[in-house]
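K.L.:
any chance you could fold what I've pasted below:
(one chain, ligands or ions: 2)
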Amino acid sequence: MTFTAAVSGASGYAGGELLRLLANHPDIEVGAITAHSNAGALLGDLQPHLHSLADRVLQETTPEALAGHDVVFLALPHGASAEIAAQLSSDTLVIDAGADHRLQDPAAWEKFYGSAHAGTWPYGLPELPGHRADLAGARRIAVPGCYPTSALLALTPGFAAGLLEPDDVVIVSASGTSGAGKAAKPNLIGSEVMGGMSPYGVGGGHRHTPEMEQGLSLAAGERVSLSFTPTLAPMARGILTTATAKVRPGVGYARLREAWESAYAQEPFVRVLPEGQWPSTKSVLGSNYVNLQLAFDEHAGRVIVSSVIDNLTKGTAGGAVQSMNIALGLDETAGLTIQGIAP
Ligand SMILES: NC(=O)C1=CN([C@@H]2O[C@H](COP(=O)(O)OP(=O)(O)OC[C@H]3O[C@@H](n4cnc5c(N)ncnc54)[C@H](OP(=O)(O)O)[C@@H]3O)[C@@H](O)[C@H]2O)C=CC1
Ligand SMILES: CC(=O)N[C@@H](CCC(=O)OP(=O)(O)O)C(=O)O
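P.N.:
Numbering: from 1, shown residues only. Ligands and ions are numbered 1, 2, ... in the order given. Coordinates of the predicted model:
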């Protein structure tokens, strides 16, 4: 059986990556593709890498244009997707790449996004404990933010196994510029980004902090608080996250390693690298894979985990397609086994 899928935000980075994956998906036929200021344009003029869809015309993003498909992907700015989603049939599988339906706590939503909370949907990170069951048969899915994908996959095994202290967690990430979207911004022009790196959202100000705390608290069964600092790196795509947490008394390297290896032993897209190898963003670019490595800093009593993802693939579109596969009862890896493109 073939399912039809509409993609909104198809002129943007997340929408373009969704189309790249869906065009190669054995069970999906790409239906309507929509945009906003670029409505009426040819996809080939905006996303020249999408050869098989180059002749398609972008429609205006309306509920009518998106209706009549089995699956609708929303790859829109925060706040835009909730309004559209509310007008789509409850029988349609709606997958939101934006943040509108990720947070459970309305107060956290209002604090970090400044608008009314639109409600919470099943969270599209199947590797987290219990999440795969929530996604099976779901008709609404919230795709995680790209930084939370990398951070939650880095630390969840330790919290789920009760090995880590909940109040001393530090996460630092470096992201490629595509994480900021395709719209022109002065801080993203080449001369600003190339040749240097700079943090932003420092001091708890980044909106992904509550999303990470939510996921780790669910895994730990108690409130986890953390400090998160993102950094803009001079590359187009990819995220390197380094996450550290204090380990509980008596926990050593062997126990930590066993927790991470057993958590991911059956996961098709998460690889705990052999000891001694540290992950590089290059090795996952264009793929849905997550590579990670851990160490125990005995001096500081901390576990250190480095994870890498492609922000547009596992961090957005790949995670969305993986969640779609589960919701529709397809092979979870369908359309996603493409390898990375390094170097
Ligand atoms: N980039 C990334 O790595 C990640 C992105 N996401 C999320 O995915 C979503 C899309 O991000 P991204 O692709 O990077 O952003 P882009 O800026 O690259 O694309 C935004 C898309 O939304 C459309 N759009 C803009 N304003 C409106 C509006 N008012 N109503 C309807 N459509 C509109 C644009 O159309 P047009 O060009 O025609 O104006 C474009 O197609 C965001 O919610 C983002 O947070 C999530 C994880 C990672
Ligand atoms: C480099 C960069 O700017 N990254 C984006 C995060 C992208 C992402 O995952 O975001 P959403 O929560 O918006 O879906 C940022 O820090 O705002």
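K.L.:
from here on, just use CA atoms for contacts and neighbour counts.
P.N.:
Fine.
K.L.:
can you show me the helices along this protein?
P.N.:
13-22, 43-46, 63-66, 80-85, 106-113, 131-135, 146-160, 190-193, 208-220, 253-264, 318-328 (DSSP state H).
K.L.:
which of these sits closest to ligand 1?
P.N.:
Nearest to ligand 1, of all these, is helix 13-22, at 3.6 Å by CA to the nearest ligand atom.
K.L.:
how about L88: what's its closest non-neighbour residue?
P.N.:
In space, L88 comes closest to P63 once its chain neighbours are excluded; the distance is 6.3 Å by CA to CA, 6 or more residues apart in numbering.
K.L.:
hmm, A86 and the one you found touching each other?
P.N.:
No: counting by CA atoms under 8 Å, P63 sits too far from A86 to count as a contact (9.1 Å).
K.L.:
which one's more surrounded, these two?
P.N.:
P63 (15 against 11; other CA atoms under 10 Å).
K.L.:
tell me the contacts of the residue nearest to L88?
P.N.:
Contact analysis of P63 by CA atoms under 8 Å, 6 or more residues apart in numbering lists I84, A85, Q87, L88.
K.L.:
how about 7 Å then?
P.N.:
Each residue near P63 by CA atoms under 7 Å, 6 or more residues apart in numbering is listed here: I84, Q87, L88.
K.L.:
in terms of pLDDT, where does it sit?
P.N.:
pLDDT for P63: 97.
K.L.:
check the one 4 residues further on too.
P.N.:
You'll see A67 listed with a pLDDT of 97.
K.L.:
distance of N24 from ligand 2?
P.N.:
Distance, N24 to ligand 2, using CA to the nearest ligand atom, to the nearest Å: 24 Å.
K.L.:
er, G130 I mean
P.N.:
Counting by CA to the nearest ligand atom - G130 and ligand 2 are separated by 22 Å.
K.L.:
and G315, by the same measure?
P.N.:
7 Å.
K.L.:
touching, that residue and C146? I think so.
P.N.:
Yes: checked against CA atoms under 7 Å, the pair G315 and C146 is within contact range at 4.1 Å.
K.L.:
what's the average pLDDT for stretch 248-258?
P.N.:
When pLDDT is averaged along stretch 248-258, the result is 98.
K.L.:
show residues contacting that stretch.
P.N.:
By CA under 7 Å, 6+ apart, the surrounding residues in contact with stretch 248-258 are G158, L163, L164, E165, F296.
K.L.:
out of those residues, which are inside strands?
P.N.:
L164, E165, F296 (DSSP state E).
K.L.:
would JSON lines of these with pLDDT, distance to A23 and neighbour count be doable?
P.N.:
Converted to JSON lines, those look like this (pLDDT from 0 to 100; distance: CA to CA, whole Å; neighbours: other CA atoms under 10 Å):
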{"residue": "L164", "pLDDT": "98", "distance to A23": "42", "neighbour count": "26"}
{"residue": "E165", "pLDDT": "98", "distance to A23": "44", "neighbour count": "18"}
{"residue": "F296", "pLDDT": "98", "distance to A23": "42", "neighbour count": "21"}
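K.L.:
many thanks, we can stop here.
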